[in-house]
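Peer 1: here's a sequence, model it:
(chains A and B)
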Number of protein chains: 2
Amino acid sequence: MPKQNIYDNQTFFEGYKKIRENEDNANNIFEMPALFSLLPELNGKKILDLGCGFGEHCVQYVQMGAEKVVGIDISEKMLRTATEENSDPKIKYINMPMEDIDKLDEKFDVVISSLAFHYVEDFSGVVKNIYSLLNDGGVFVFSQEHPLNTCHTGGDRWTRDENGNKVHLNLKNYCIEKENESSWFVDDVKKYHRMFSTIVNTLIESGFFVEKMIEPTPDEDIIKKYPKYKDLCHKPDFLVIKAVKR
Amino acid sequence: MPKQNIYDNQTFFEGYKKIRENEDNANNIFEMPALFSLLPELNGKKILDLGCGFGEHCVQYVQMGAEKVVGIDISEKMLRTATEENSDPKIKYINMPMEDIDKLDEKFDVVISSLAFHYVEDFSGVVKNIYSLLNDGGVFVFSQEHPLNTCHTGGDRWTRDENGNKVHLNLKNYCIEKENESSWFVDDVKKYHRMFSTIVNTLIESGFFVEKMIEPTPDEDIIKKYPKYKDLCHKPDFLVIKAVKR
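Peer 2: Here you go, the predicted model:
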């Protein structure tokens, strides 16, 4: 099965790098705080970061006391930036699709993945491998695009009023789990839609205990500071989950 | 806090009784099979049925070998029918809002609730009481309206094409958890919207281990037999969860 490596596409890469540089992007305001709020104590721990991209999170894990961080990513381009900008003696970057992590020959205390699983077709296979790579009582924390996002397949995602404000989400085919192509900087970005129940059941069936989940939503302070996020009352952009190896 | 007792409204009661008599209603095709598929072995067990209504499920639990079934419901009218049509020496019906189950002075092996929790404001309080009423290792299985349903607050729920077919769900305010009034036989039926994550986290925080969840969807055979259900590809009507007392 060919694994998608959209981040090595130059147009995608540049577009992505640019939005990540905006401080008020949704990742910084919603996804990162939720993800980090679910992390256990990292002091002295061995961490695996799946889809580490530019390695910004890896550096933070070291700053939080991690003994060792292994960051893997399918994109050579992303890892080149990671090596240039986010190197540390405690971090090792490996160019590898996350579908191949069964080839790693060490164990970890914490596996973390930020916004990568919606690009992965075989979620169940990856989760099983994560379970095997974790020490007993190990923690698995990940974020992904919200299932109300990944089911979108084209056409208008929103119905807007005459002023361009979002009135409601045009929700279609939430119950049809499949590969959906979408446009994000380039055409044909493949995302894999899975229902909420499928994501949770996959974790449980692999032996994990689901400990907490967050669908990040803006509170009043955030809406006051960033009015553009008021439309997030209709649909969260992200889903963040903490699971523990039983 | 006043507890809603909409089933004692005569208009509601008659409307509800009539749709439950149609064999191809969504409860029979989707909700009941999912709920029953998550039940543990009931042989010799003590069962509590929250919001038992007409008592049809209670009778089935006895047929499945339950030693004792306690069915509670806030509606006198519903329990009158239950007593007339679904009596059994092993079944005891109690007229009581489920918010008051802490007054029961016995323990149960299995607590089951079918399509009642979306009428309950204090979900967390009820879940805590269920945990207390269960024996160690006890099982809690429930269904409720799907969160993509309970967030609906008025206006058109669907956008339809010129032939009346559903094109997409008009999804609004999924992230706003509150009481929503809807019309179903009568006006002002109160439903309490909770996000997916809130439902799951409430169970976990109360001490439950979430074991499986189902968002029932039609397969090809069901769509062939009941073409009216093809629109359920857009949104499940129900959410069904099995949780175990740790």
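
Peer 1: so residue A:234 sits right up against residue B:174, yeah?
Peer 2: Yes. Between residue A:234 and residue B:174 a contact is recorded at 6.1 Å, counting by Cβ atoms under 8 Å. Bear in mind the C-beta positions are built from the backbone N, C-alpha and C, glycine included.

Peer 1: got the contact list for residue A:65?
Peer 2: A:41, A:42, A:43, A:44, A:45 (Cβ atoms under 8 Å, 6 or more residues apart in numbering or on different chains).

Peer 1: circling back to that earlier point, between residue A:234 and residue B:174, which is the more surrounded one?
Peer 2: Looking at residue A:234 and residue B:174 with other Cβ atoms under 10 Å in any protein chain shown, you find the greater number of neighbours at residue B:174, namely 26 against 22.

Peer 1: I'd say the more buried one and residue B:148 touch.
Peer 2: Yes. Using Cβ under 8 Å, residue B:174 is in contact with residue B:148, at 7.0 Å.

Peer 1: for stretch A:236-245, give the mean pLDDT please.
Peer 2: For stretch A:236-245, mean pLDDT is 97.

Peer 1: near chain B, which residues of chain A?
Peer 2: Within reach of chain B by Cβ under 8 Å from any Cβ of the partner chain, chain A has these residues: A:148, A:159, A:167-176, A:195-197, A:200-201, A:204, A:209-215, A:217, A:232-236, A:239.

Peer 1: show the average pLDDT along the longest strand along chain A.
Peer 2: Longest strand in chain A by number of residues (criterion: DSSP state E): strand A:134-145. Average pLDDT, strand A:134-145: 97.

Peer 1: listing partners with orientation, what would you give for it?
Peer 2: strand A:108-114 (parallel), strand A:238-245 (antiparallel) (DSSP bridges).

Peer 1: buried residues in the very next helix or strand once past that strand?
Peer 2: Heading C-terminal from strand A:134-145, the first helix or strand you meet, by DSSP states H and E, is helix A:147-150. For helix A:147-150, a neighbour-count test (16 or more other Cβ atoms under 10 Å in any protein chain shown) marks A:147, A:148, A:149, A:150 as buried.

Peer 1: which one of those sits closest to residue A:95?
Peer 2: Set against residue A:95, the nearest of these by Cβ to Cβ is residue A:150 (25.7 Å).

Peer 1: how near is residue A:165 to chain B?
Peer 2: From residue A:165 across to chain B, the span is 12 Å (Cβ to the nearest Cβ, to the nearest Å).

Peer 1: quick one, phi psi at that residue?
Peer 2: When read as degrees, to the nearest 10, the backbone of residue A:165 gives phi -70, psi 150.

Peer 1: chain neighbours aside, what residue packs nearest to it?
Peer 2: Closest residue to residue A:165 apart from its sequence neighbours, by Cβ to Cβ, 6 or more residues apart in numbering or on different chains: residue A:231 at 7.6 Å.

Peer 1: over to residue A:143?
Peer 2: If the residues on either side of it in the chain are set aside, residue A:143 comes closest to residue A:240, at 4.4 Å by Cβ to Cβ, 6+ apart.

Peer 1: bridged to the one you found, which residues?
Peer 2: For residue A:240, the beta-bridge partners are residue A:143, residue A:214 (DSSP bridges).

Peer 1: again with residue A:50
Peer 2: In this entry, residue A:50 is beta-bridged to residue A:72, residue A:113, by DSSP bridges.

Peer 1: tell me the contacts of it?
Peer 2: Contact analysis of residue A:50 by Cβ under 8 Å, 6+ apart lists A:72, A:98, A:101, A:111, A:112, A:113, A:116, A:126, A:130, A:142.

Peer 1: relative to chain B, which of these is nearest.
Peer 2: Distance to chain B, by Cβ to the nearest Cβ, is smallest for residue A:142 among those, at 14.1 Å.

Peer 1: is it true that the closest one touches residue A:240?
Peer 2: Yes. Shown here, residue A:142 and residue A:240 form a contact pair, counting by Cβ under 8 Å, at 7.2 Å.

Peer 1: burial measure for the residue nearest to residue A:137 when sequence neighbours are not counted, as a count.
Peer 2: Of all residues not flanking residue A:137 in the chain, residue A:245 sits nearest, at 6.2 Å (Cβ to Cβ, 6+ apart). For residue A:245, the neighbour count with other Cβ under 10 Å is 20.

Peer 1: show me the contacts for residue A:245.
Peer 2: A:131, A:134, A:135, A:136, A:137, A:138, A:139, A:140, A:207, A:208, A:209 are the contacts of residue A:245 under Cβ under 8 Å, 6+ apart.

Peer 1: ranking these by neighbours, who comes first?
Peer 2: Counting by other Cβ under 10 Å, residue A:140 has the largest number of neighbours within those, with 27 neighbours.

Peer 1: what kind of secondary structure is residue A:99 in?
Peer 2: Secondary structure assignment for residue A:99 (DSSP: H, G, I helix; E, B strand; the rest coil): helix.

Peer 1: for it, give me the pLDDT.
Peer 2: So, for residue A:99, pLDDT stands at 94.

Peer 1: swap in residue A:6?
Peer 2: At residue A:6, the model reports a pLDDT of 71.

Peer 1: how about residue A:183?
Peer 2: Looking at residue A:183, its pLDDT is 66.

Peer 1: kindly report the same for the one 4 residues further on.
Peer 2: Residue A:187 is assigned 63 on the pLDDT scale.

Peer 1: for residue A:10, same thing?
Peer 2: With respect to pLDDT, residue A:10 has a value of 75.

Peer 1: please name the residues that touch the residue lying closest to it once chain neighbours are set aside.
Peer 2: Nearest residue to residue A:10 in three dimensions, chain neighbours excluded: residue A:77, at 7.9 Å (Cβ to Cβ, 6+ apart). By Cβ under 8 Å, 6+ apart, the residues touching residue A:77 are A:7, A:8, A:10, A:13.

Peer 1: highest neighbour count among the residues you listed?
Peer 2: Counting neighbours by other Cβ under 10 Å, residue A:7 leads the contacts of residue A:77 with 21 neighbours.

Peer 1: pretty sure that residue sits in a strand.
Peer 2: No. Using three-state DSSP, the assignment for residue A:7 is helix, not a strand.

Peer 1: you'd agree it is up against residue A:13?
Peer 2: Yes. Between residue A:7 and residue A:13 there is a contact at 5.9 Å, judged by Cβ under 8 Å.

Peer 1: and for the two, which residues touch both?
Peer 2: Any residue near both residue A:7 and residue A:13 by Cβ under 8 Å, 6+ apart counts here, and that gives A:75, A:77, A:78.

Peer 1: checking the second one next. Helix, strand or coil?
Peer 2: Just to be clear, that refers to residue A:77. In three-state terms, and counting by three-state DSSP, residue A:77 is helix.

Peer 1: what does the pLDDT read for it?
Peer 2: 92.

Peer 1: where do the contact lists of residue A:142 and residue A:240 overlap?
Peer 2: Here residue A:142 and residue A:240 share the contacting residues residue A:35, scored by Cβ under 8 Å, 6+ apart.

Peer 1: please name the residues that touch the residue lying closest to residue A:156 once chain neighbours are set aside.
Peer 2: Spatial nearest neighbour of residue A:156, chain neighbours left out: residue A:170 (5.9 Å); criterion: Cβ to Cβ, 6+ apart. With contact set as Cβ under 8 Å, 6+ apart, residue A:170 has these partners: A:155, A:156, A:157, A:158, A:159, B:159, B:167, B:168, B:169, B:170, B:171.

Peer 1: many thanks, have a good one.
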